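Asker: Return a 3D structure for these sequence lines:
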Amino acid sequence: MSDFDLSKPTRTIHVGVVLMNSVTEALDVVPVDILHGMSEKFIESMPSLIPEPLLKQGLPLEFHWVSENGTKDIRQLSSGLNVTPTDSFADCPTLDIVLVGAHHIDYHLTATERAFVQKAYAGCSAFMTVCGGVLVAVESGLVARRTVTGPRFMLPQLGAAAPDATWVEKRY
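Answerer: The predicted model follows:
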């Protein structure tokens with residue numbers, strides 16, 4: 001992982017939602033919008049609503065919705081939402097923050113998807129999975145020798161898939 005300091009950015013922070021060739025749970029990728037609410041662009045667009053001391057505290061964030069084929073794809077989110085990715089695996093810049101949501105439980109990553117996830121992980125400062133998105137990290141070999149968690153009902157399956165990880169049920 002990168003040692004770029006997200007708390008003291010010296011350049012634009014690239015935030016990426018990585019979409020697999022499967023339906024992604026919409027709720028799982030909602031955290032990207034929380035980050036958007038902290039962006040310079042968002043804060044500058046609402047000067048009358050943001051208290052004066054906070055107006056200069058926006059972060060320089062650029063958002064990327066990434067899939068294997070980029071703008072040539074339309075990726076489905078649950079509940080009938082469609083997303084046209086902004087970047088492909090080939091042209092996506094190095095991501096500083098990576099967010100991955102759950103895909104269909106029976107879907108398995110392609111070699112191309114695994115390679116991109118591994119590359120994104122190696123270059124980022126924060127790699128976040130939500131709910132079943134942890135399967136992407138498991139299938140990509142990112143949890144070995146780490147202490148990790150996932151949805152409680154999936155812990156037996158996750159432990160079997162990645163026995164070299166320390167799986168914890170505790171919530172903080």
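Asker: Q57: what's it in contact with?
Answerer: I43 (C-beta atoms under 8 Å, 6 or more residues apart in numbering). (C-beta placed from N, C-alpha, C; glycine too.)
Asker: Could you verify that it is part of a strand?
Answerer: No - read with DSSP: H, G, I helix; E, B strand; the rest coil, Q57 is coil and lies in no strand.
Asker: any idea of the pLDDT on it?
Answerer: Looking at Q57, its pLDDT stands at 91.
Asker: Okay, it and E44: tell me how far apart.
Answerer: Computed as C-beta to C-beta, to the nearest Å, the Q57 to E44 distance reads 11 Å.
Asker: Show me where this structure has its strands.
Answerer: 13-18, 61-67, 75-77, 81-83, 87-88, 97-100, 126-129, 147-148, 166-167 (DSSP state E).
Asker: can I get the ones you listed in TSV with mean neighbour count?
Answerer: Shown next, in TSV, are the strands of the chain (neighbours: other C-beta atoms under 10 Å):
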stretch	mean neighbour count
strand 13-18	24
strand 61-67	21
strand 75-77	19
strand 81-83	13
strand 87-88	18
strand 97-100	24
strand 126-129	18
strand 147-148	13
strand 166-167	16
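Asker: Would you reformat the ones you listed as TSV and include mean pLDDT?
Answerer: As requested, the strands of the chain are arranged in TSV below (pLDDT from 0 to 100):
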stretch	mean pLDDT
strand 13-18	99
strand 61-67	99
strand 75-77	97
strand 81-83	97
strand 87-88	99
strand 97-100	99
strand 126-129	97
strand 147-148	94
strand 166-167	96
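Asker: Redo the ones you listed as a markdown table? Include distance to D33.
Answerer: As requested, the strands of the chain are exported to a markdown table (distance: least, C-beta to C-beta, whole Å):
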| stretch | distance to D33 |
| --- | --- |
| strand 13-18 | 10 |
| strand 61-67 | 9 |
| strand 75-77 | 13 |
| strand 81-83 | 13 |
| strand 87-88 | 18 |
| strand 97-100 | 10 |
| strand 126-129 | 14 |
| strand 147-148 | 25 |
| strand 166-167 | 29 |
